[in-house]
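Colleague: Everything below, folded, please.
(one chain, ligands or ions: 2)
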Amino acid sequence: MTEGKLFVISGPSGAGKGTICKRLLESDENIRLSVSMTTRQPREGEVESVDYFFVEREAFERLLQEGGLLEHNQYCENYYGTPRAQIVQWLREGYNIILEIDYHGAFQVRDSYPDCVLIFIMPPSIEELEARITGRGTESDEAKQKRLQEALGEIAQSDQYDYIVVNDDLDAAVERVREIMHKEEEYVISINQ
Ligand code: ADP
Ligand code: 5GP
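Modeller: Numbers count the residues shown, from 1 in each chain. Ligands and ions are numbered 1, 2, ... in the order given. Modelled structure (predicted):
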């Protein structure tokens, strides 16, 4: 069986990563979404073990010390990281895996898996990004300002990615990411034949 492939999806908070990933998962059974671990508090409606594994700092640091995280980062005073075991198992089972993580994590993943594909979801403008974070209604004013400050630093890293997809029209952005995934998958199959 051909091993699966890792796709890393990054972009500033509010760019539409979660919305795009949800659409991709609904339409392709061979995709799995990595569930990250975080020390941030759950937002209303977020489900444990589906959106994140929500843990205390001590539990996160313990797993980190044991080498159980493929990558990790600190963002807006909280830890975020990718549990390694699930990724290794899914790749072996042939699934394509999406990791929705920031650029610090993306570059750590590329160090471990040089064949992974890095996709950056770009908002059409900073004004639209702010409108989307506001419209989502999940962040306090202070948290929103922090996320907007982080956004510029994240956008500055986008030229390190294999692909940049502007999420202006949602359907078009989903289609573009789907095309990229198919193209990269076909490439793996052709070099394995
Ligand atoms: P992220 O996961 O990158 O933080 P979300 O997927 O939560 O972003 O999207 C932020 C908000 O923007 C959500 O309310 C979502 O419905 C909305 N959104 C996503 N893509 C678009 C788009 N192309 N046009 C308009 N609104 C969008
Ligand atoms: P949020 O708090 O909005 O869910 O996520 C904040 C930021 O952390 C986003 O940029 C998101 O992509 C990133 N993130 C989520 N999970 C992980 C992870 O496991 N590792 C890293 N490095 N970043 C993550």
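Colleague: what's across from the residue nearest in space to the middle of the chain in the sheet?
Modeller: The C-alpha lying nearest the average C-alpha coordinate of the chain belongs to Glu100 (Cα atoms, centre = their mean; 0.8 Å). Under DSSP bridges, the beta-bridge partners of Glu100 are Ile9.
Colleague: correct me, but it touches Ser34?
Modeller: Yes: the pair formed by Glu100 and Ser34 meets the contact definition of Cβ atoms under 8 Å, at 7.5 Å. Every C-beta, even on glycine, is put in place using the N, C-alpha and C of the backbone.
Colleague: Can you name the residues of this protein that neighbour ligand 2?
Modeller: 13, 36, 40, 71, 73, 75, 80-82, 100-102, 104-105 (Cβ under 6 Å from any ligand atom).
Colleague: try 8 Å this time
Modeller: With Cβ under 8 Å from any ligand atom as the criterion, the chain comes near ligand 2 at residues 9-13, 17-18, 34, 36-38, 40, 43, 51-52, 71-73, 75-76, 78, 80-82, 99-102, 104-106, 108, 138, 147, 150, 154.
Colleague: Counting only helices, which of the residues you listed make the cut?
Modeller: Assigned to helices by DSSP state H, the following of those qualify: Lys17, Gly18, His104, Gly105, Ala106, Gln108, Arg147, Glu150, Glu154.
Colleague: any idea how far the second one is from Gly67?
Modeller: Distance check for Gly18 against Gly67: by Cβ to Cβ, to the nearest Å, it reads 28 Å.
Colleague: Neighbour count: the two, which is higher?
Modeller: Taking other Cβ atoms under 10 Å, Gly18 and Gly67 do not tie; Gly18 has more neighbours (16 against 8).
Colleague: ok, for that one, nearest residue in space, not its chain neighbours?
Modeller: If the residues on either side of it in the chain are set aside, Gly18 comes closest to Glu100, at 6.8 Å by Cβ to Cβ, 6 or more residues apart in numbering.
Colleague: quick one: contacts for Leu99?
Modeller: Leu6, Phe7, Val8, Ile9, Ser34, Ser36, Thr82, Ile87, Gly105, Ala106, Val109 (Cβ atoms under 8 Å, 6 or more residues apart in numbering).
Colleague: What is the burial count for Gln86?
Modeller: 14.
Colleague: meant to ask about Tyr113
Modeller: Applying other Cβ under 10 Å, I find that Tyr113 has 17 neighbouring residues.
Colleague: and the residue of this structure nearest ligand 2?
Modeller: When you check the chain against ligand 2 by Cβ to the nearest ligand atom, the closest residue turns out to be Gly105, at 2.5 Å.
Colleague: and the helix or strand bottoming out on mean pLDDT in the chain, what other elements does it pack with?
Modeller: Taking mean pLDDT, DSSP states H and E as the measure, the chain has helix 170-192 as its least confident helix or strand, at a mean of 86. Under the contact criterion of 3 or more Cβ pairs under 8 Å, 6 or more residues apart in numbering; DSSP states H and E, the helices and strands touching helix 170-192 comprise strand 6-10, helix 17-27, strand 117-122, strand 163-166.
Colleague: Thank you kindly, that will do.
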